[in-house]
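> Have a look; sequence and predicted model below, questions after that.
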Amino acid sequence: MDAVEQAVEAIFRVFQAEHWARFSYAVERDGAVFLDIPEDALAAVETDDAALAGFLRGLDGKPVDAETSKRAIGEHVFRTMEGVFPPDTVVQAFDSQAFGLTMQLFAAWVGGHEKLLDLEVLPLAEWQRMFAAWRQDPSVVRFAASLAAGEKPEPPADGTEH
């Protein structure tokens with residue numbers, strides 16, 4: 001895996017964690033949406049990735065919307081990943097087809113599994129495991145290849161592996 005591919009994976013983990021937090025722990029107070037992530041959920045993330053847990057702790061208790069989420073993700077990625085990868089790698093990763101494809105797949109996964117994800121709050125590690133397993137399903141591999149070829153296929157049916 002080259003540096004851009006490694007950066008794509010690292011950046012995606014931040015996007016996935018932020019989305020998991022909003023999906024699982026967004027609460028409305030006084031007409032605004034805030035994140036209210038329990039300490040045990042943050043501690044579980046900490047065991048796998050201290051930097052990611054720090055990122056989520058920085059979001060916890062604060063108002064969140066699409067713009068603040070994008071800004072927080074971008075700031076975290078550039079603050080923690082610039083210098084870890086060769087110069088311009090993070091920018092190249094954001095602009096890469098691989099990153100765009102990963103984000104499209106994640107959106108399809110969340111959309112196709114929303115009912116399952118709504119049943120109970122799952123740990124971030126479980127979201128990561130489920131998404132990784134889903135990406136290996138043959139129908140998803142075909143779907144990803146079609147997306148990469150510029151086609152507009154229908155997402156795989158919700159019978160794929162979880």
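Alright, I've got the coordinates.
> Next up, the contacts around the closest residue to Pro86 other than its chain neighbours.
Excluding its sequence neighbours, the residue lying closest to Pro86 (Cβ to Cβ, 6 or more residues apart in numbering) is Ala3, at 5.4 Å. For glycine as for every other residue, the C-beta is placed from the backbone atoms N, C-alpha and C. Ala3 sits next to 85-86, 89 when contact means Cβ atoms under 8 Å, 6 or more residues apart in numbering.
> One more: Glu46?
Going by Cβ under 8 Å, 6+ apart, Glu46 touches Ala53.
> Phe94 now?
So Phe94 contacts 11, 77 (Cβ under 8 Å, 6+ apart).
> For it, what are phi and psi?
Backbone torsions of Phe94, given as degrees, to the nearest 10, read phi -60, psi -40.
> Pull out the buried positions in the helix or strand Ile11 falls within.
Using DSSP states H and E, Ile11 falls within helix 3-25. Going by neighbour count (16 or more other Cβ atoms under 10 Å), the buried part of helix 3-25 is 4, 7-8, 10-22, 24-25.
> Over to stretch 75-88?
Quick answer for stretch 75-88 (16+ other Cβ under 10 Å): 76-77, 80-81, 85.
> distance between that stretch and the chain's centre?
With Cα atoms, centre = their mean, to the nearest Å as the basis, stretch 75-88 stands 17 Å off its chain's centre.
> for stretch 34-47, same thing?
16 Å.
> for stretch 143-161, same thing?
For stretch 143-161 - counting by Cα atoms, centre = their mean - the centre lies 18 Å from the chain centre.
> for the residue lying farthest from the centre of the chain, phi and psi?
The outermost residue of the chain, judged against the average C-alpha position, is Asp30 (27.4 Å), by Cα atoms, centre = their mean. Main-chain torsions, Asp30, degrees, to the nearest 10: phi 50, psi 40.
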